[in-house]
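Undergrad: return atomic coordinates for the entry below.
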Amino acid sequence: MKKILVLMLAVIVVNCKHAAKEQETVNVSEEEHRNEMPMEKEQIYQFKVADLYGNPFDFSSLKGKKIMIVNTASECGLTPQYAQLQELYDEFKDENFTIVGFPANNFGRQEPGTNSQIASFCKENYGVTFPMMGKISVKGDDIHEVYQFLTQKSRNGLEDSEVQWNFQKYLLDEQGHLVRVIAPKTLPIDESIINWIKE
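TA: Coordinates of the predicted model:
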């Protein structure tokens, strides 16, 4: 009788160890699977903002277009880039491409004006007709939600970045995903940007 009990206990212990090992294998496999799963990329289309005139602007209206988002300023050494931005917009606006400008006062206080002053400046000096949004912050504690998306890899799925200065450019594909970050001093009509639009 004792032998039978000992034998039964041995079988139970072996079975328990085997089950524990199988569970461990399952847990490891699940962990590996989670690590291998691609990061879920967000799209720009989730955002709604106000333009320079206080009108609502819904990014979902840009579905199917390539988009350049650029932070702008009226009193910067790079301000003449407005001319090239408008030139680029004029050339490709009918080819599923658009530009969206976000005035920001984060760098050297070079965008001190109100939205109406910025609108007048852009129109009078550069004939800007591409969409311009209301003034926001593109870095720091009060960074706007659009720029949180653009600068955080956990959200855009591409890379972490920081806006270095006025006129930094973010390129988004026809699905609303971030695909490239362009330095402020690179002109909007740079060949690499034009080739990307034409792709």
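Undergrad: Gly134 and Ile143, how far apart?
TA: Counting by CB to CB, to the nearest Å, the gap from Gly134 to Ile143 is 15 Å. Glycine gets a C-beta too; all of them are placed from N, C-alpha and C.
Undergrad: and what of Pro188?
TA: Note on Pro188: its distance to Ile143, by CB to CB, is 23 Å.
Undergrad: which residues in the chain form strands?
TA: Under the criterion DSSP state E, the chain contains strands at 48-50, 56-58, 66-72, 97-103, 169-172, 178-182.
Undergrad: please identify which of these is closest to Ser161.
TA: Closest to Ser161 of the strands of the chain is strand 178-182 (CB to CB; 5.0 Å).
Undergrad: buried residues, the closest one. List them.
TA: 178, 181-182 (16 or more other CB atoms under 10 Å).
Undergrad: any stretches of the chain with poor pLDDT?
TA: For the chain, the stretches with pLDDT under 70 are 1-39.
Undergrad: let me have the buried residues of strand 178-182 in TSV, extended by distance to Asn195.
TA: Shown next, in TSV, are the buried residues of strand 178-182 (distance: CB to CB, whole Å):
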residue	distance to Asn195
Leu178	18
Val181	16
Ile182	13
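Undergrad: for those, which one is nearest Glu87?
TA: Ranked by distance to Glu87 (CB to CB), the buried residues of strand 178-182 are led by Ile182 at 16.0 Å.
Undergrad: what is the burial count for the closest residue to that closest one other than its chain neighbours?
TA: Closest residue to Ile182 apart from its sequence neighbours, by CB to CB, 6 or more residues apart in numbering: Lys169 at 3.8 Å. Counted with other CB atoms under 10 Å, the neighbours of Lys169 add up to 21.
Undergrad: okay, how far is it across stretch 127-147, tip to tip?
TA: End-to-end span of stretch 127-147 (CA to CA, to the nearest Å): 26 Å.
Undergrad: all numbers from here: first residue = 54
TA: Renumbered: residue one is now 54, and that last one reads stretch 180-200.
Undergrad: okay, buried residues for that stretch please.
TA: Neighbour-count burial for stretch 180-200, counted by 16+ other CB under 10 Å, picks out 181, 183-192, 196-197, 199-200.
Undergrad: which residues does Gln201 contact?
TA: Contacts for Gln201 (CB atoms under 8 Å, 6 or more residues apart in numbering) come out as Arg208.
Undergrad: I meant to write Leu115 there.
TA: Residues near Leu115 by CB under 8 Å, 6+ apart: 97-98, 151, 153, 229.
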